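A.B. asks: what follows is a predicted structure for the sequence shown.
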Amino acid sequence: MKQQSGFTLIKVMLMSTMASVVVFGALKETVIQERLTGNFQKDMNARLLAEKGIFTAAKSLQTAVSNNNNLTVDELVNQYGLHAGNGDIGDDTAYKARLSKNVDGLLEITSLGQRYYGDANQQLVARFELKPGEVKSPFQHAVTGCKGVNLSGSGVVDSYDSSKGPYSETNRDSSGHVNTVIGDSSVTIDGHSPIKGDIKASGIVYLKGSSPVIGDVHSNTGVDISWGSGVRVKGSVFSNGFYIHRGGEIDGVVRANGNAKMEWGSKIKNPTNDPYDIMYGGTGSFPSSEHVQDSVKFSDGTVAYNVSYSNPYFKKNPEVEPVEVYDPSSPDYDPARPNKECDPFELPKNMPNVIAQGEAQKRDFEVGATQVYQFTPSIGRLLLTDNGRKKALDLNSKAAQIYLFDNLSQQHGISETTEERVFSMKNFKLYSDGKMTIAGGDVIFLVDGNFILDGDAKLTIKDGSSLTVFTTGKVILGASGQVITEKEGMTASGIPSLNFFSSYSGRDGFQVKGASDMYATIYAPLTQVKLSGSGQLYGTVRGSIINSSGGSGVHFDSALKDVNFGSGGGSNEKPQLIFKGWAFEPAKPLPELDAGEGEANNSDSSNTGN
C-alpha cells in the first residue's frame, strides 16, 4: 500500500482553527451586542422611571391645586417638595421627583429615574405654568330666570359699569343679557321692552309686540318672532330647533337645525355678506319673492343671483352652540350639585346653618311711624322714637361664619377677628314713614321670616356701606317705599351695596312694587320675582321665574361679574397646571429635602418603568 503523507490532516486542522477564530469573533460580537442591549434596556427603564416620577408628581399637584384654589407656586414647592417611589419589577428600580421654581416663575419637576441600584440613571425636567383658579360670579347677566322670563310693558334691559360712574353718567353697552337655565324654559318679550344684550333660552324665545333685541338670540328649542315691522333682532338668530319669522327684520343671519318658516314682511339683512343668509336642517317655507339671497357662489364655482331660501344650498344643519342648561344628560352635569346652574350658592343646603347662627337673637323687628333707626356692623340703635309710644329695641351684632363671605372681608371695625358680625331677626318690617340708615361698614341681616318695606318707609345705605339680607321668607318692597343707595356698586371690601339672598320656595316670594329706583343684587332662585310699577332696578336679578311689567327696567351692573362671594358659589374654574415643555439632563443626585418641606412617598406601582 502507498504511504500517506498527512497533508489532509493539516488542512483539516487549519480549517478547524479558522472556524474557531470566526466562532470566537462572533461570540465576542454577540457579547458586545448583549451588553449594549442590556445597557440600553437599563437606560430605557431609568428613563421610564423618570417619566413616572413626573407623572406622579404632576397628578398629585393637580389634585392639590384643585382642592385649594389659592395655592401658589412657592407653596406647592414648600408643601409638596419631593415625590419618591419604585417600579414594580424589583427593589432595584426607583424614582425621585423634586419640585422647584425657576427664574421665569414656572414650576419645575426634576425627576431622577434609577435602575440596578443606580447603575443606570436618567434625569428629566418638566416645566409647568400654574394657572390660578377663578371664582366666576353667578351675576353674569342682567336677568336670569331659571324656569322662565316674561318681560312686558316698556322697561328697558341694558347695562353699565358702576366702577366707572353711575348709570346716568356712563356709557351703556349691549351686555344686558337675559337667560334661562333649566329644561325647556322660555323667554317672552312683549310690549315695548327693548333688550340691549343677548337672549339665551333653553326653551322657546317669543318676540312679541315691538320689542327689539339689540344683540343675538339663542335657543335650544325654537325662536318665534311675531308680526311687526322694523328691526326685531339687531344681531343674529341661533336655534337648535325651529325658526318662525312673521314680520320685521333680522339684521344678522339665521341658523336653525329644525324647520324654518318666514311670512310676508319678514327679512334677513345679512350686512356682512355671509355666504348664507340662512341655514336650516328641516323643511323650509318661504312664500315671498323677497326671501332670497342677492348672490350665491355654488361649490362648482358658478354664481347665481336672487336665490330663493328654499334652494337646497341653504338646507343644511348648521353648527349651533347649545345654551348651557341644567340637564342630567349633559356632560357638565354634577350629581353632587344637581341644581348648580340655577342655584350655584346652594341656598337650601346652606341657609339652615346660616340662620341658626343667630338663633339667640331671633325675634320680630319693626320700625314704624316717625321712628328713625340706624344700623352699623356692630350695633342697631333707635335714634328717634314716636314720643315713647313704641320703641324698637337696640340690637348688638353677633359673631358668625357666613359661607358666602369666605372670600370677602366684611368691614365691621372689629379688629383681630375673621368672623362676620350679623343681626338676627324673626321677621323684619319697615313701614309707615319709618326711616332706617345703614352706615359705618358692611351690615348683615339674618331674617328667618319675611322682609317687608311698606308705606312711605325709607331705607338709606350710606356711601361706603352695604346691607346683605339672608331671608327664608318673602321679600316685599312696597309701592311707596324707597331704597336709597348713596353710591352704587361695590364697597371697598368688594361687597355690593345691597344684596338679597332668599331661599323661599313658595309663589311670588320676591315682589318689587315701588315707583322709585333701587340698586340691588336679587338672588332668589327658588321663587318667582315680580318687578312691577315704574321703578328701575340697577344691578341684577335671578329667580325661578322673572315677571317684569309696567315701566320696570333692569340695568345690569357689569362690575358685578367680578364679585367674589365665597365657597360653594359661582361657576368655579379650577386651577390648572399647564405643561410648557420638558428636557433630559445629565443625571445627578437631587438635593435632600430642607426642614419643613413636604414629601410624598408614592407606593403606586404601574407598569411604567418595567
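C.D. replies: Nice, I can see it. Model, not experiment: these values are computed from the prediction. Residues are numbered from 1 along each chain as shown.
A.B. asks: okay, domains of this structure per the record?
C.D. replies: 32-133+574-602, 142-267+276-314, 347-527+563-572 (automatic domain parsing).
A.B. asks: Throw these into a markdown table and include mean neighbour count and mean pLDDT, thanks.
C.D. replies: Every C-beta, even on glycine, is put in place using the N, C-alpha and C of the backbone. Below are those laid out as a markdown table (neighbours: other C-beta atoms under 10 Å; pLDDT from 0 to 100):
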| stretch | mean neighbour count | mean pLDDT |
| --- | --- | --- |
| domain 32-133+574-602 | 17 | 77 |
| domain 142-267+276-314 | 20 | 92 |
| domain 347-527+563-572 | 19 | 88 |
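A.B. asks: mind putting the ones you listed into TSV with distance to Arg542?
C.D. replies: Shown next, in TSV, are those (distance: least, C-beta to C-beta, whole Å):
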stretch	distance to Arg542
domain 32-133+574-602	23
domain 142-267+276-314	4
domain 347-527+563-572	5
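A.B. asks: give the other helices and strands that the longest helix seen in the chain contacts.
C.D. replies: Assignment by DSSP state H gives helix 7-67 as the longest helix of the chain. Counting contacts by 3 or more C-beta pairs under 8 Å, 6 or more residues apart in numbering; DSSP states H and E, helix 7-67 is packed against helix 73-79, strand 82-85, strand 93-101, strand 107-115, strand 120-131, strand 576-585, strand 599-602.
A.B. asks: now distance to Ser295 too, for the ones you listed, in TSV please.
C.D. replies: Below are those laid out as TSV (distance: least, C-beta to C-beta, whole Å):
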stretch	distance to Ser295
helix 73-79	56
strand 82-85	64
strand 93-101	59
strand 107-115	55
strand 120-131	46
strand 576-585	46
strand 599-602	65
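A.B. asks: what is the end-to-end distance of stretch 548-564?
C.D. replies: 28 Å (C-alpha to C-alpha, to the nearest Å).
A.B. asks: mind listing what's buried along that stretch?
C.D. replies: By 16 or more other C-beta atoms under 10 Å, the buried positions in stretch 548-564 come out as 548-561, 563-564.
A.B. asks: by pLDDT, rank those and give me the bottom one.
C.D. replies: Among the buried residues of stretch 548-564, Gly550 carries the lowest pLDDT, at 79.
A.B. asks: just want the phi and psi numbers for that one.
C.D. replies: phi 70, psi -140 (degrees, to the nearest 10).
A.B. asks: confirm for me that Ala64 is in contact with Thr72.
C.D. replies: No - applying C-beta atoms under 8 Å, one finds Ala64 not in contact with Thr72, separated by 11.5 Å.
A.B. asks: Gln511 pairs with what?
C.D. replies: Bridge pairing for Gln511 (DSSP bridges) gives the partners Ile476, Lys530.
A.B. asks: need the contact list for it.
C.D. replies: With contacts defined as C-beta atoms under 8 Å, 6 or more residues apart in numbering, Gln511 is in contact with Lys474, Val475, Ile476, Leu477, Val529, Lys530, Ser532.
A.B. asks: in contact with the third one, which residues?
C.D. replies: What that stands for is Ile476. Asn450, Phe451, Ile452, Leu453, Asp454, Gln511, Lys513.
A.B. asks: nearest to Gly282 among these?
C.D. replies: Gln511 (41.8 Å; C-beta to C-beta).
A.B. asks: quick check: that closest one vs Tyr538, distance?
C.D. replies: Going from Gln511 to Tyr538 by C-beta to C-beta, to the nearest Å gives 18 Å.
A.B. asks: now Gly265
C.D. replies: Relative to Tyr538, and taking C-beta to C-beta, Gly265 is found at 37 Å.
A.B. asks: repeat for Lys349
C.D. replies: 30 Å.
A.B. asks: need the contacts of Gln511 in CSV with distance to Asn499, can you?
C.D. replies: What follows is these, written out as CSV (distance: C-beta to C-beta, whole Å):
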residue, distance to Asn499
Lys474, 17
Val475, 12
Ile476, 17
Leu477, 14
Val529, 14
Lys530, 19
Ser532, 21
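A.B. asks: which of the residues you listed lies closest to Ala50?
C.D. replies: Among the contacts of Gln511, and counting by C-beta to C-beta, the member closest to Ala50 is Val529, at 58.6 Å.
A.B. asks: contacts only, for that closest one.
C.D. replies: So, once contact is read as C-beta under 8 Å, 6+ apart, Val529 ends up touching 145, 509-512, 522, 541-547.
A.B. asks: Lys234 too?
C.D. replies: For Lys234, the contacting residues are Pro212, Val213, Ile214, Gly215, Asp251, Gly252, by C-beta under 8 Å, 6+ apart.
A.B. asks: out of those residues, which comes closest to Asp119?
C.D. replies: Gly215 (67.9 Å).
A.B. asks: in contact with Gly535, which residues?
C.D. replies: Val512, Gly514, Ala515, Ser516, Asp517, Met518, Ser552.
A.B. asks: distance of the residue nearest to Leu526 when sequence neighbours are not counted from Ser163?
C.D. replies: Among residues not flanking Leu526 along the chain, Ser505 sits closest, at 4.1 Å (C-beta to C-beta, 6 or more residues apart in numbering). Distance, Ser505 to Ser163, using C-beta to C-beta: 34 Å.
A.B. asks: ok, Asn353 next?
C.D. replies: Taking C-beta to C-beta, one finds Asn353 at 33 Å from Ser163.
A.B. asks: no further questions, thank you.
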